[in-house]
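# Kindly generate the corresponding structure for this input.
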Amino acid sequence: MHIIKGTVLGVVDKGEADKRWAIVALQTSAKDRDGFDVTTTVKARVFGDSIKNGLHNSYRQQVGVEVYMPVTCEVNDRYHNIDYLLAGTPLRLQEVRPQPAPNPAATAQQKAAGAN
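Predicted structure coming up:
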């Protein structure tokens, strides 16, 4: 299993009533070795029990939000590309900003001022 970081573009339902499947699109961005921005759209497919359980619906609520999408990868020898299959619900990690370290000199002055 791999985890891809990107922004959810949308979810598209496909197929007939008995052969339903869906595509979850994720836009990723990175820099190449020359420093240029590279933007890629990753399309993960959803089949079988995952579609019956509504795994793709959790991504509908996250359109426009940056998430971490777990996928499994398969090599498609016929079309010479990599197929991505959705492996779980979106992971959304909240950013924790570091707090500034306390200044020992200022702390000593505050203690001294509080003692008076």
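# residue ranges with poor pLDDT in this protein?
Applying pLDDT under 70 to the chain flags the ranges 92-116.
# mind listing the strands in it by residue range?
2-14, 21-31, 37-46, 66-76, 81-86 (DSSP state E).
# how far away is the one residue sitting closest to the centre of the chain from Ala44?
Geometric centre of the chain, nearest residue: Tyr68, 2.1 Å, by CA atoms, centre = their mean. Per CB to CB, to the nearest Å, Tyr68 is found 12 Å from Ala44. (Glycine included, C-beta is placed from N, CA and C.)
# on that earlier part again, spatially, what comes nearest to the residue nearest to the centre of the chain if we skip its sequence neighbours?
Sequence neighbours aside, Leu91 is the residue nearest to Tyr68 in space, at 3.9 Å (criterion: CB to CB, 6 or more residues apart in numbering).
# Next up, the contacts around that neighbour.
Neighbouring residues of Leu91 by CB atoms under 8 Å, 6 or more residues apart in numbering: Ile3, Val67, Tyr68, Met69, Pro70.
# same thing but at 7 Å, please
Contacts for Leu91 were tallied using CB atoms under 7 Å, 6 or more residues apart in numbering; they are Val67, Tyr68, Pro70.
# Pull out the buried positions in stretch 56-63.
Neighbour-count burial for stretch 56-63 flags His56, Tyr59, Gln62 (criterion: 16 or more other CB atoms under 10 Å).
# Tell me the one of these nearest Arg78?
Checking these against Arg78 with CB to CB, the nearest one is His56 at 24.6 Å.
# The closest one: what's it in contact with?
Going by CB under 7 Å, 6+ apart, His56 touches Val11, Ala22, Val24, Val46, Leu86.
# could those residues be laid out in TSV, adding distance to Phe36 and neighbour count?
Shown next, in TSV, are the contacts of His56 (distance: CB to CB, whole Å; neighbours: other CB atoms under 10 Å):
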residue	distance to Phe36	neighbour count
Val11	30	19
Ala22	32	22
Val24	27	25
Val46	32	25
Leu86	29	24
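# Would you mind giving those residues as a markdown table with distance to Ala30 added?
Listed next are the contacts of His56 as a markdown table, based on distance: CB to CB, whole Å:
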| residue | distance to Ala30 |
| --- | --- |
| Val11 | 23 |
| Ala22 | 26 |
| Val24 | 19 |
| Val46 | 25 |
| Leu86 | 21 |
